[in-house]
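J.: Following is a predicted model, sequence given first.
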Amino acid sequence: MTKTANKNASVEAKKLLAFLNETAGKKIITGQHTQTNPMEEISYIKSVSGHEPFLRGFELLGYSPNINYKDADEACLTEVAENKGTMDTALAWAKKNNASDIKCLLTFSFHWFSPLGGRDKSFYAKNTDFNPEKVLVNGTPENKAFYSDMDHIAEILDKFKQERIPILWRPFHESYGTWFWWGRKGPEVACKLYRLMFDYYVHEKHLDNLLWVWNCDVASAYPGDEYVDVNSIDVYLEEKKATDYKAEYEKLVSACGKNKVCALAEVGYNPDVDLVSSSKVPWAYYMTWSKEFAMDGVRNTENELCRMYSSDYSVKL
């Protein structure tokens, strides 16, 4: 379980994977997504609980090379604007907290605006006719645009490599659904895109600071243990309830096997710390989604945040 998918993974990436494996089932790492430079979610959690999440998630959507600014609504433009400069913020935070010594963790999400065409938030399939199957054919416009975008993002990820900062890298997330362009032709196609990226970033770009996080619970789409470091799932329950997400864990390992450490890559409701500390469901970490999911006081109440962040079972700052 502690062997990295990338045989040439950096020392720091190997340490991070070992840390996740050592933590799972003994503690749970607290995590919070943020996509603005003020990182208001982090400030809110600290004001309520006196602690900060150990894992911080950042968003790359604003770094997509093919954003159609002329045909985007106000919500899209606001989200892109809020995301500007966040990679510098993530880098500065990780350096300050010495991420290479596992004193904090970084994970990146990428709501990738479609490499060709599209309007508005074109990471949504409904806003683009981009066909991910055509990426798989060498020489197509889709294939060329896909690799061009990967080159652009690789330059950003390389800055973290130069600082020896490991990243939990989660591309093509939620491919079990058809709402994003990479999932519109089914999770098996998304799996092939994931493998293309893995091979390119590992063997051509040598981004050895990345740990590869797969985010799908469909057995037929699993890339294979040789491509994955962490198996994960996103869970947004229809109704709030106290849970350790055991059923979701069992479904994930049924689809992807038990050879990899598992994580709740996105949640709307945090796991109940009392339940998970009792059941020991081996989630290495969870990450609450941004803004209202973290701060509305309803999805995750102040009392629940205090219980999570004061528990001996949680890993926090």
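T.: Now that the structure is in, tell me what you want to look at. Treat the numbers as computed from the prediction; the structure is a model and nothing was measured.
J.: Might one say that residue 54 is in contact with residue 30?
T.: Yes: at 5.3 Å, residue 54 and residue 30 qualify as touching, with contact defined as C-beta atoms under 8 Å. Glycine gets a C-beta too; all of them are placed from N, C-alpha and C.
J.: Now the element after the one helix or strand in the chain whose mean pLDDT sits lowest, going C-ward?
T.: Across the helices and strands of the chain, mean confidence by mean pLDDT, DSSP states H and E is lowest for helix 86-96: a mean of 93. Downstream of helix 86-96, the next assigned helix or strand under DSSP states H and E is strand 105-109.
J.: and the angle from that next one to helix 86-96?
T.: 170 degrees (axes from the mean of the first three to the mean of the last three C-alpha atoms, to 10 degrees).
J.: Can you tell me what sits against whichever helix or strand comes after strand 105-109?
T.: Sequence-wise, the next helix or strand downstream of strand 105-109 (DSSP H and E) is helix 132-135. For helix 132-135, the external contacting residues (C-beta atoms under 8 Å, 6 or more residues apart in numbering) are 140-143, 146, 181-182, 184-185, 189-190, 193, 196.
J.: could I get the residues you listed as JSON lines with secondary structure, distance to residue 13 and pLDDT?
T.: Converted to JSON lines, the contacts of helix 132-135 look like this (DSSP: H, G, I helix; E, B strand; the rest coil; distance: C-beta to C-beta, whole Å; pLDDT from 0 to 100):
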{"residue": "140", "secondary structure": "coil", "distance to residue 13": "33", "pLDDT": "98"}
{"residue": "141", "secondary structure": "helix", "distance to residue 13": "34", "pLDDT": "98"}
{"residue": "142", "secondary structure": "helix", "distance to residue 13": "30", "pLDDT": "98"}
{"residue": "143", "secondary structure": "helix", "distance to residue 13": "28", "pLDDT": "98"}
{"residue": "146", "secondary structure": "helix", "distance to residue 13": "25", "pLDDT": "98"}
{"residue": "181", "secondary structure": "helix", "distance to residue 13": "29", "pLDDT": "98"}
{"residue": "182", "secondary structure": "helix", "distance to residue 13": "24", "pLDDT": "98"}
{"residue": "184", "secondary structure": "coil", "distance to residue 13": "31", "pLDDT": "97"}
{"residue": "185", "secondary structure": "coil", "distance to residue 13": "31", "pLDDT": "97"}
{"residue": "189", "secondary structure": "helix", "distance to residue 13": "27", "pLDDT": "98"}
{"residue": "190", "secondary structure": "helix", "distance to residue 13": "23", "pLDDT": "98"}
{"residue": "193", "secondary structure": "helix", "distance to residue 13": "22", "pLDDT": "98"}
{"residue": "196", "secondary structure": "helix", "distance to residue 13": "20", "pLDDT": "98"}
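J.: Output those in CSV, with distance to residue 242 and neighbour count appended to each entry.
T.: As requested, the contacts of helix 132-135 are exported to CSV (distance: C-beta to C-beta, whole Å; neighbours: other C-beta atoms under 10 Å):
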residue, distance to residue 242, neighbour count
140, 49, 15
141, 50, 13
142, 45, 20
143, 47, 16
146, 42, 25
181, 36, 27
182, 33, 26
184, 35, 21
185, 37, 19
189, 37, 20
190, 32, 29
193, 37, 21
196, 41, 16
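J.: Go through those and say which is closest to residue 313.
T.: residue 190 (33.7 Å; C-beta to C-beta).
J.: about what we covered before: for residue 54 and residue 30, indicate the residue with more neighbours.
T.: Taking other C-beta atoms under 10 Å, residue 54 and residue 30 do not tie; residue 30 has more neighbours (28 against 22).
J.: Can you list the residue ranges for helices in this protein?
T.: Assigned by DSSP state H, the chain shows helices spanning 11-23, 40-49, 74-83, 86-96, 132-135, 141-162, 187-199, 246-256, 273-279, 292-295, 302-310.
J.: Against residue 167, how distant is residue 103?
T.: Going from residue 103 to residue 167 by C-beta to C-beta, to the nearest Å gives 15 Å.
J.: Name the nearest residue to residue 119, sequence neighbours excluded.
T.: Residue nearest to residue 119 in three dimensions, not counting chain neighbours: residue 71, with 4.1 Å by C-beta to C-beta, 6 or more residues apart in numbering.
J.: just residue 154 next, same as before
T.: Excluding the flanking residues, the one nearest residue 154 by C-beta to C-beta, 6+ apart is residue 205, at 4.7 Å.
J.: For that neighbour, grab the count of nearby residues.
T.: 18.
J.: likewise residue 317?
T.: Using other C-beta under 10 Å, residue 317 has 16 neighbouring residues.
J.: just to revisit the earlier point, what do residue 54 and residue 30 both touch?
T.: 285, 315-316.
J.: Give the ChimeraX command for selecting the buried subset of these.
T.: Selection of buried members from the shared contacts of residue 54 and residue 30 for ChimeraX, criterion 16 or more other C-beta atoms under 10 Å:
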select :285,315,316
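J.: list the contacts for the closest residue to residue 276 other than its chain neighbours?
T.: What sits nearest to residue 276 in space, not counting adjacent residues and going by C-beta to C-beta, 6+ apart, is residue 244, at 4.1 Å. Taking C-beta under 8 Å, 6+ apart as the contact definition, residue 244 lies against 271-272, 275-276, 278-279, 281.
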